[in-house]
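# Give me coordinates for this.
(one chain, ligands or ions: 1)
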Amino acid sequence: MSRNHNSLLSAIVLAGGKSSRMGKDKALISIGGIPLLQLVCSVAAGCTDHVYVVTPWPERYQDLILPNCQFIRELPFSSSSLHFSTQGPMVGFAQGLSQVQTDWVLLLACDLPRLQVEILTAWTTELNYVEDEAIATLVHHTKGWEPLCGFYRRRCLPQLLEFINQGGRSFQKWLNQQPIHVLSLRTPEMLFNCNTPEDLALVK
Ligand SMILES: Nc1nc2c(ncn2[C@@H]2O[C@H](COP(=O)(O)OP(=O)(O)OP(=O)(O)O)[C@@H](O)[C@H]2O)c(=O)[nH]1
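The predicted structure follows:
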């Protein structure tokens, strides 16, 4: 998607974690013959100018077809993070955000099989109208914020790192301390996460 230079938009897709509820890497699960990470990246590429895939293991995904996507290899957050594949989505996000050059970034989990590019594109047009003080624009539902399908300002990185450095790993806790613009969503099924074999059966 092409935009004027001042309004370029990046996406960060997170592909890490344990996939313990699924029992195998969610990113590689096939939905209609297409690996889930490829599906999500293709939607991200359809509504942004550049896609970063943040993962501890880029080699695992080298056979996927990911045009306009660039891998960022996630590193252990600190020398004490021995099991860095489980350091959590916030740390992956922070590492991705440190590479982003655009003012806004769309953050996506890799386990969202029902993303709709039309809705994400419509949301991108709202970014120009978000209050200056808001660091993100996200959907809010009964369980709280939806952190892994929404937009963040690049300038939130220092606050994010401070929270992480103090041991914080909960998006909800961090977001509850921040000014956030609320995104409206009439079709909440778009946010369906494919976490378990039962979820996968529903999608298929
Ligand atoms: N890069 C990166 N992504 C992560 C990490 N942990 C989780 N994710 C991603 O964040 C999204 C949500 O992950 P979750 O479903 O909460 O956690 P999970 O570890 O993947 O799965 P469970 O073990 O079943 O909780 C998915 O896109 C994961 O790939 C991480 O440490 N690094």
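# Excluding chain neighbours, what is closest to Glu131?
Once flanking residues are discounted, Glu131 sits nearest to His181: 6.1 Å by Cβ to Cβ, 6 or more residues apart in numbering. C-beta: built from backbone N, CA, C; applies to glycine.
# Now the element after the helix or strand hosting that neighbour, going C-ward?
For His181, the host element (DSSP states H and E) is strand 180-183. As assigned by DSSP H and E, the chain's next helix or strand after strand 180-183 is helix 197-203.
# what distance separates that following helix from the middle of the whole chain?
Centroid separation for helix 197-203 versus its chain: 21 Å, with Cα atoms, centre = their mean, to the nearest Å.
# mind checking how far the residue nearest to Glu131 is from Ile12?
18 Å (Cβ to Cβ, to the nearest Å).
# likewise His140?
21 Å.
# same thing with Val100?
7 Å.
# What of Leu106?
Distance from Leu106 to Ile12, by Cβ to Cβ: 7 Å.
# Kindly report the same for Asp132.
Counting by Cβ to Cβ, the separation of Asp132 from Ile12 is 22 Å.
# Looking at these two, which has the bigger crowd around it?
Ranked by neighbour count (other Cβ atoms under 10 Å), Asp132 and Ile12 place Ile12 first, with 25 against 6.
# Okay, and the beta partners of the more buried one?
Per DSSP bridges, the residues bridged to Ile12 are Tyr52, Leu107.
# That one: what's it in contact with?
Ile12 is in contact with Val51, Tyr52, Val53, Val54, Phe93, Gly96, Leu97, Val100, Val105, Leu106, Leu107, Leu108, counting by Cβ atoms under 8 Å, 6 or more residues apart in numbering.
# Of the residues you listed, which is the nearest to the ligand?
Val54 (4.4 Å; Cβ to the nearest ligand atom).
# Give me the residue at the spatial middle of this protein.
Leu108 (2.3 Å; Cα atoms, centre = their mean).
# Give me the pLDDT for that one.
At Leu108, the pLDDT value in this model is 98.
# Please apply the same query to the one 4 residues further on.
Each residue has a pLDDT score; the one for Leu112 is 98.
# what about Thr125, which SS state?
helix (DSSP: H, G, I helix; E, B strand; the rest coil).
# what residues are up against it?
By Cβ under 8 Å, 6+ apart, no residues touch Thr125.
# now the strands: where do they sit in this structure?
Along the chain, counting by DSSP state E, strands occupy 9-14, 30-31, 34-35, 50-55, 69-73, 104-109, 136-141, 144-145, 149-153, 180-183.
# avg pLDDT for the first one?
If I follow you right, that is strand 9-14. Average pLDDT, strand 9-14: 98.
# what angle separates that strand from strand 50-55?
Going by axes from the mean of the first three to the mean of the last three Cα atoms, to 10 degrees, strand 9-14 is angled at 20 degrees with respect to strand 50-55.
# Output strand 9-14 as PDB, restricted to C-alpha atoms.
Output of strand 9-14 as PDB, limited to C-alpha atoms (Å, rounded to 0.1, in the frame of the first residue of the first chain):
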ATOM      1  CA  LEU A   9       2.900   2.800   8.500                       C
ATOM      2  CA  SER A  10       4.700  -0.400   9.700                       C
ATOM      3  CA  ALA A  11       3.400  -3.600  11.200                       C
ATOM      4  CA  ILE A  12       5.000  -5.900  13.700                       C
ATOM      5  CA  VAL A  13       3.800  -9.500  13.800                       C
ATOM      6  CA  LEU A  14       4.800 -11.500  16.800                       C
END
